[in-house]
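Asker: pasting the structure only:
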């Protein structure tokens, strides 16, 4: 007897779900399929996840006999990676203020008041931005590793070069992201939502043959009722000789697949998505909270999700930084804390590893605009029950590189941990393993 | 795929979708009878009548001035009698970027677009000088708060990286030198007009890109514009906008040709675009993905649909498609090319196409072709260079009714590209 989800059962038996039906069910937390187990023991790496106990929820998880080859398609018990991008270059020094050194001297009006800074013995010599208070329990309980001074050697202060280096793990010979390479090497077909980018294209998840589905606005992610999904799918027939037209054909076919999967969790997702005024334009506040809520629903919704990227702009704080940075960090921290609470409530916390990235940190000294310019090393957080929750590295203001924090932790250390978590061939994807520090238990 | 040499009618259709904003089928019918060279000359000819897109538009932020500014521009693009120039202005907006995400005053952003309209074909050095002191730019890239004591590098860096030279052609020291030389420019508190405050300016001569004695806007722009990488940077941008991703064997020759044109023409863009289009007509052209706004405008012009009358707010539509004029998401502008082929953006475009098809008057040529289930007429009326492929023909055939057929014609892969 092999347990598979109802959705997968219907998909495998050739039927497509009526979206309303499935979505209505998954919208109700009580009926939501529970996580079936921790990461597979078959995948290599430090998967400390717990026992492989199986929980079935009546009405959602169906127990049926299936041929063995179909069982391998069930993805619900596989480890998940969530990558949260802080686009624009997050200011590491105010995120993780050093408690000693030149911090205050270099930032006469941009440093945080000593009384505001949160402290924890787990952060040895550093504090936390007050907006990050929801993360303090994670620091204290060892569910969060802090990578201070993360960045590539020979830093480049261009947004776009640095974003490329992070996305491609510094392999600039082609345009593939390191998670894209992982997707390309997966032996099984991924579901359309198996890799999903929320908010913007996640370059990190672009592979040669596979790439993440991009969902920018969940409220609008449905085709007009006047066209059938079958009609859209026909657009992909007989690929054109023109590669651009053929790419558009493939994109339509992929869109239909994503929507059919998304329909199942759509109601649950939309219930957690704030309505925007029809005429609203510009940056949306609360983008992390909204995106992370969607990610949690995807993970719990049994749609085969393995990788989610969430990208939010706004960290390029050249001016009037204090207010905007505080708001962004508060949104991030609130979103993260709710994300983990949602997963924990459903017992799915063990399946997920979450990493934050940003293309660079910012200059330690402030400029005249109450902001700071592009810098070198930054800070990343790695969260989850499988994480070795400690502080790695430091923000050393006594040994600067042209005014910037000197890189001391290669980002590929974190990528190695992420790929180990997912069960990927690190040597192939990154060129070699980067494991001088143990980020996972 | 690089196109072969086109026949006359194909060439005219290609010009209007690539270098203009498409045409209504009735206008297209007369146009394809003309010589492509004549059509190109007519496109480039300066508009006779002056026009102010935002005249009478309430730009007060308290009265939805930001939304009003966006909608007025969109309406002007649909109604455009100068599609070549409007398309060039649109390119400049996505290249020399500011965004209302950081510039709260709609009037300032509108004035920047008007600078592009006015100066899109002057010496590029003059355009960059004006842009440096443009009040929206002074806010967007922080020039207004940069001082001698603590220069702000934001504008200096993007001027070199994104506006004129490209990454790899300057050093960190150049970024800092540009920032120092441009200190002192700020905006008036009352009307936000540009103002030079000498006590905030560091007059120390800087060395920028090898040029010495650089200490003001003029000498910064001179150093940038005289850098050997600059003409090639402009040529690359024009190629990617107007000719697409050319095969290596072709691209290098086109690039050299356009660099020569740029230098010989006193660094003006129109001669470079014109030369690029001529080379494109001779076969140096690859398919490009239309960004959502150009696609939307082409659809609205072809169907004579008034966007403000659609059942879904056009503001919401363009937001969902991921491209809101005056709100580029980063200083690098919008996604480009196949980056637009995301599920999210295609789904949003399909919904917009359905709304446009629904709003198309039954007497419109495109609607009549959809009624007649005439797939070749649909492609022709849309101004496509070639007929639909097999997939699109079958998909149109599978659609339930004329409105659905027109919807498919508007969003099919062939319609998303130029």
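Answerer: Cool, the structure landed. These numbers were taken from a predicted model, which means no experiment stands behind them.
Asker: rest of the way, CA atoms for contacts and neighbours
Answerer: Fine.
Asker: hang on, isn't residue B:107 packed against residue B:61?
Answerer: No. Using Cα atoms under 8 Å, residue B:107 is not in contact with residue B:61; the gap is 9.1 Å.
Asker: neighbour-wise, which of these two wins?
Answerer: residue B:107 (19 against 15; other Cα atoms under 10 Å in any protein chain shown).
Asker: any idea which element that one lies in?
Answerer: Applying DSSP states H and E as the criterion places residue B:107 in helix B:106-119.
Asker: buried residues in that helix?
Answerer: Within helix B:106-119, the residues scored as buried using 16 or more other Cα atoms under 10 Å in any protein chain shown are B:106-110, B:112-117, B:119.
Asker: just the residues you listed that are near chain A?
Answerer: Near chain A, judged by Cα under 8 Å from any Cα of the partner chain, there are no entries from the buried residues of helix B:106-119.
Asker: could you identify the most distant pair in the residues you listed?
Answerer: B:106 and B:119 (19.9 Å; Cα to Cα).
Asker: other SSEs contacting the helix holding residue B:107?
Answerer: helix B:65-78, helix B:83-95, helix B:124-132, helix B:135-140 (3 or more Cα pairs under 8 Å, 6 or more residues apart in numbering or on different chains; DSSP states H and E).
Asker: run through who's touching stretch B:200-215.
Answerer: Applying Cα atoms under 8 Å, 6 or more residues apart in numbering or on different chains, the external contacts of stretch B:200-215 come out as B:147-149, B:170, B:173-174, B:177-178, B:180-185, B:216, B:219-220, B:223-224, B:227.
Asker: of those residues, select the buried ones using a ChimeraX command.
Answerer: In ChimeraX, a selection of the buried entries from the contacts of stretch B:200-215 looks like this (16+ other Cα under 10 Å):
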select /B:147,148,170,174,177,178,180,181,182,183,184,185,216,219,220,223,224,227
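Asker: the bottom helix or strand of chain A by mean pLDDT?
Answerer: helix A:19-27 (a mean of 30; mean pLDDT, DSSP states H and E).
Asker: assign a three-state SS to residue B:328, would you?
Answerer: Look at residue B:328: counting by DSSP: H, G, I helix; E, B strand; the rest coil, its state is coil.
Asker: any idea what sits nearest residue B:353, other than its immediate chain neighbours?
Answerer: residue B:407 (5.3 Å; Cα to Cα, 6 or more residues apart in numbering or on different chains).
Asker: contact partners for the one you found?
Answerer: B:350, B:353-354, B:356-357.
Asker: which is the next helix or strand following whichever strand or helix holds it?
Answerer: Using DSSP H and E, the element containing residue B:407 is helix B:402-411. Next helix or strand after helix B:402-411 toward the C-terminus (DSSP H and E): helix B:413-416.
Asker: same question for that next one, mean pLDDT?
Answerer: Averaged across helix B:413-416, the pLDDT comes to 98.
Asker: for it, packing partners?
Answerer: Using 3+ Cα pairs under 8 Å, 6+ apart, helix B:413-416 sits against helix A:243-271.
Asker: recalculate using a threshold of 10 Å.
Answerer: helix A:243-271, helix B:292-303, helix B:343-359, helix B:390-398, helix B:402-411 (3 or more Cα pairs under 10 Å, 6 or more residues apart in numbering or on different chains; DSSP states H and E).
Asker: run through the residues that contact residue 415.
Answerer: Chain wasn't specified; assuming chain A. A:166, A:169, A:178-179, A:355, A:421, A:426, A:429-430, A:433-435 (Cα atoms under 10 Å, 6 or more residues apart in numbering or on different chains).
Asker: that's the other chain; I wanted chain B
Answerer: Residue B:415 neighbours (Cα under 10 Å, 6+ apart): A:245, B:289-290, B:295, B:298-299, B:379, B:382-384, B:388, B:408-409.
Asker: how many other residues sit next to the spatially closest residue to residue A:438 that is not a sequence neighbour?
Answerer: For residue A:438, ignoring the flanking residues on the chain, the nearest one in space by Cα to Cα, 6+ apart is residue A:388 at 7.0 Å. Residues near residue A:388, counting by other Cα under 10 Å, number 20.
Asker: quick one: residue A:388 from chain B, how far?
Answerer: 35 Å (Cα to the nearest Cα, to the nearest Å).
Asker: distance of that residue relative to residue A:129?
Answerer: 22 Å (Cα to Cα, to the nearest Å).
Asker: which neighbours do residue B:107 and residue B:61 have in common?
Answerer: Residues touching both residue B:107 and residue B:61 (Cα under 10 Å, 6+ apart): residue B:69.
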